[in-house]
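*Asks:* Build me a structure from this.
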Amino acid sequence: MNLKNNNIPARKYISIILIFILLYLILISIQKIRAEKIYPIEKTVLWERLGAKIPENENLILLKKAYILNLEEYEYSMLLGKYYLFSSNNKFNKEKQNILNKAEEYFLKALKLNSTRIEIFSYLGWIYYAKGDLNKGDNYFTKGIEISPNNYFNRVYYGMSILEFINVLPFEMKYTQLYRASHEIRQAIKLNSNLLKNQNIIESLTKLSIMIDDKENALRYINQLKAFNVKNAHLYFYVIETQINNNEIEKVIHNYIKLFEKNKNDKLLSNIILKDIRKNTEKTKHPKLNFFLAEKYFEHSYYKDSVYYAEKSLKLNYRLDASHLLIAQSYEKLNLYKKSYEAYIKAHNLNKKNKIAEEKIIEFQKSKLKIY
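*Replies:* Sure, this is the predicted structure:
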């Protein structure tokens, strides 16, 4: 009797432990079912969420939940790779390099475990482009194309990588690579026509067409952008860039005037337009565009900049009397009356019919301002 009674507590403990194990297994099963409902196990798993504009700690929580999904090891490595890749977007210099190194480490591990997933080649290609190792980046992209020529994702990523990092490419490679980028994205569209519904894709093709001086396609893609309700200002910038590349300066100035007219109450956009004119003035060195910029700086009360570009117009021997007049008006606004008076005299000497200069000279002479 005593022996039997002594076994009762032990049985109770075993029963309790078994109940806890059973409850734990039930809980895990419930969590798994719930996780699968929230984060369905598709080919992208949690990728669409990872790297999105959500707090970094939430990304880490998602990664922990990925364990519940019983992912294969390579899939989890890919998740970590993508997490670090997208985390690098907001980092700079050494910190960015360290995070890209982490992403590279996990994608290489995923590739070793499963070399059939073309996305891994795409992400590694992007990482090496971001790190400045262009040859290695090209190798991974082209390897992905060789393995799966009909994988549109890899082709899009290849084209986007070239466009994203075009400024780090050696000059002799730029034109060839831009053609390559345009070709890959267009091939991707042939493989998946739904890409035409993606605004980023059409904007990228617009930029690429402008860069390779493909005017016909640039204008075609600009028209397609209208379907996405892209702001008119953006469309104008695309058109202007095409016209700059074709040296159609009169049309460029005409479109800049339209841009200012349509956005005259938007100071921020006006400043963006001024910066764009300045960029294209420095690029083309065209005297008409240079003088136009001087005028626009004066209209927007940037008088020192107006003087600078009006003086450049004098060096370019363009509209000499008008340039001197603009310099005089700018100096007057800056209360530099002696310099203003001297510039009005120069403007009048070059054009005796210049009534504004003539009237200003008389006004200065009658005033008590120090002009001598």
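
*Asks:* So which bits of stretch 189-202 are buried?
*Replies:* 189, 195, 201-202 (16 or more other CB atoms under 10 Å). Backbone N, C-alpha and C define where each C-beta goes, glycine included.

*Asks:* just stretch 160-178 next, same as before
*Replies:* Result for stretch 160-178 [16+ other CB under 10 Å]: buried residues 160-163, 165-166, 169, 177-178.

*Asks:* Let me know the distance separating the closest residue in space to residue 134 that isn't next to it in sequence from residue 291.
*Replies:* Spatial nearest neighbour of residue 134, chain neighbours left out: residue 169 (6.6 Å); criterion: CB to CB, 6 or more residues apart in numbering. In this view, residue 169 and residue 291 are 34 Å apart by CB to CB, to the nearest Å.

*Asks:* One more: residue 159?
*Replies:* 39 Å.

*Asks:* With residue 342 instead?
*Replies:* Taking CB to CB, one finds residue 342 at 20 Å from residue 291.

*Asks:* Might you list the low-confidence residue ranges for the stretch 201-350 of the chain?
*Replies:* 229-232 (pLDDT under 70).

*Asks:* before we move on, the earlier item: of the buried residues of stretch 160-178, which belong to helices?
*Replies:* 160-163, 177-178 (DSSP state H).

*Asks:* closest to residue 85 among those residues?
*Replies:* residue 161 (12.1 Å; CB to CB).

*Asks:* and that closest one, what does it touch?
*Replies:* Applying CB atoms under 8 Å, 6 or more residues apart in numbering to residue 161 gives the contacts 125-126, 129, 137, 141, 181.

*Asks:* any idea which of those is closest to residue 17?
*Replies:* Among the contacts of residue 161, and counting by CB to CB, the member closest to residue 17 is residue 126, at 50.4 Å.

*Asks:* Secondary structure element for that closest one, which one?
*Replies:* Per DSSP states H and E, residue 126 falls inside helix 118-130.

*Asks:* Give me the distance between that helix and the centre of its chain.
*Replies:* Distance, stretch centre to chain centre, for helix 118-130: 18 Å (CA atoms, centre = their mean, to the nearest Å).

*Asks:* That one: what's the following helix or strand?
*Replies:* helix 134-147.
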